[in-house]
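**Student:** Got a sequence here, can you model it:
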Amino acid sequence: MKKILSLIILTAFMLSLCACTADLGKPEEKAKEVNGKVEETSDTDKVEKFEFKHEYDQGKEYGILQALDENGEIVWEYSTDKYGATEHDRVIDMGENGGHYYLVVDGTVVCLNKSTGKKEWEQGSVGAANTFCFGKNGELYVTGILGPEATKIDKNGKIIWTVKDYEGYQWPYGISLIDDNTLEIKMTAETGESDVPVRVDAKSGKLLASASSGQSTNDLFSRVAGNYTFASGAGGWSTDIVLKSDGTFTGDYHDNEYADDGKGYTSILYLSKFHGKFSNVKKISEYSYTADLVSLTYDSKKGKEEISDGIKTCYVDAYGFEKCKSVTFYLKGAKMKDLPSDFITWGYGSVGISGKEDTLPTNGFYNIADSAGFFDTKNAFSF
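**Tutor:** Numbering: from 1, shown residues only. All right, here's what the predicted structure looks like:
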């Protein structure tokens, strides 16, 4: 009888142990959020990718975000409420960053945990039709219409700054980080000019520089279009460009030297032919503007050499443009005392500046990276 009782007790113990083991083997229940509320699913540590669907149903818009495993199976899902559709999207997919997934839902930024889908924080209001970018420390920069024109939110959901509107501009439709300290927002000027790049301090949100109201990019280039040269006046070298009213230009650099020990040639010609474009004009003062060099293309491959008719031609960089990323235009009439001395020096040999003038006698531009001053010879004064 004791043996039978012992077997019964042992059997009951084993069954209990198996039940406990089975419970331990169950996957942890995880979050699935539908219409802003959590439902249950499992295996959320295996998220491999995301799919976002922007849906419309009977005049209403909503979004569905699915986290998928390596087999394409849904790990968790988040669906927004439905909102009356307007001309501006009210649900925006912002994507994944730093272990989180971001959405804008009816003007509110929603931050979800990448692994679980659970909402970590939400912050609003940022308007509609949003554009955005992320900083290196997880901060979020977002623009909007029908709300603040720009907002900065840190990775924990705290608003660092918000700007209701930038005077002279409206309708932001693009934002990017130029560097750690500078944002560029594409906006429409109140004068009607579109695609205006507005530079903003990333730390404060304050306006740094932009194309001025009433001064469009094309307007500036129509004023400074001409034939520019960079030369010392000594020797035969120069870099010459023809700048057009749309900011595009063509150019060439040339220099030569005698080669008394050349094999098959008696002189060396250093040559560069190129074309490019200036854009993103920002007004600094009445007589000075900056512009970015947005493209520079060489017509002949640098490093190429050829010999013909006793001349060895070497294709090289365009002198005065080697390090160029932006230039400053100085307009005719600018006070000479306000201009960089290195810039003025190049005008002595190229257009006959004496240094005694009170104002700049012709348009010019200065590439500070290469310490190169170019002056308009077509519209220069006679000397």
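**Student:** Map the structural domains onto the sequence of the protein.
**Tutor:** According to automatic domain parsing, the chain comprises the domains 31-124, 131-154+168-208, 218-376.
**Student:** In TSV: the ones you listed, plus mean pLDDT and distance to Trp161.
**Tutor:** Every residue, glycine included, has its C-beta placed from N, CA and C. Formatted as TSV, the domains of the chain follow (pLDDT from 0 to 100; distance: least, C-beta to C-beta, whole Å):
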stretch	mean pLDDT	distance to Trp161
domain 31-124	87	13
domain 131-154+168-208	88	4
domain 218-376	90	22
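**Student:** Quick one: the ones you listed as a markdown table, columns for distance to Thr162 and mean neighbour count too.
**Tutor:** As requested, those are exported to a markdown table (distance: least, C-beta to C-beta, whole Å; neighbours: other C-beta atoms under 10 Å):
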| stretch | distance to Thr162 | mean neighbour count |
| --- | --- | --- |
| domain 31-124 | 10 | 17 |
| domain 131-154+168-208 | 4 | 18 |
| domain 218-376 | 24 | 17 |
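**Student:** mind putting the ones you listed in JSON lines, distance to Ile160 included?
**Tutor:** Listed next are those as JSON lines, based on distance: least, C-beta to C-beta, whole Å:
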{"stretch": "domain 31-124", "distance to Ile160": "11"}
{"stretch": "domain 131-154+168-208", "distance to Ile160": "4"}
{"stretch": "domain 218-376", "distance to Ile160": "24"}
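**Student:** now Ile178: how far from Gly117?
**Tutor:** Ile178 is 34 Å from Gly117, where distance means C-beta to C-beta, to the nearest Å.
**Student:** Check Val110 too.
**Tutor:** Counting by C-beta to C-beta - Val110 and Gly117 are separated by 11 Å.
**Student:** Ok, Val126 next?
**Tutor:** Using C-beta to C-beta, Val126 is found at 22 Å from Gly117.
**Student:** How about Tyr62?
**Tutor:** 16 Å.
**Student:** Could you pull out the helices in the stretch 101-250 of the chain for me?
**Tutor:** For the stretch 101-250 of the chain, the helices defined by DSSP state H, counting those that start in this stretch cover 217-224.
**Student:** Let me see the ranges of the strands in it.
**Tutor:** Counting by DSSP state E, counting those that start in this stretch, the stretch 101-250 of the chain has strands at residues 108-113, 119-124, 128-134, 140-145, 150-153, 159-163, 169-179, 182-189, 196-201, 207-210, 226-230, 238-243, 248-258.
**Student:** need the next SSE after the last one, C-terminal direction.
**Tutor:** Elements were assigned by DSSP states H and E; along the chain past strand 248-258, the next helix or strand is strand 267-285.
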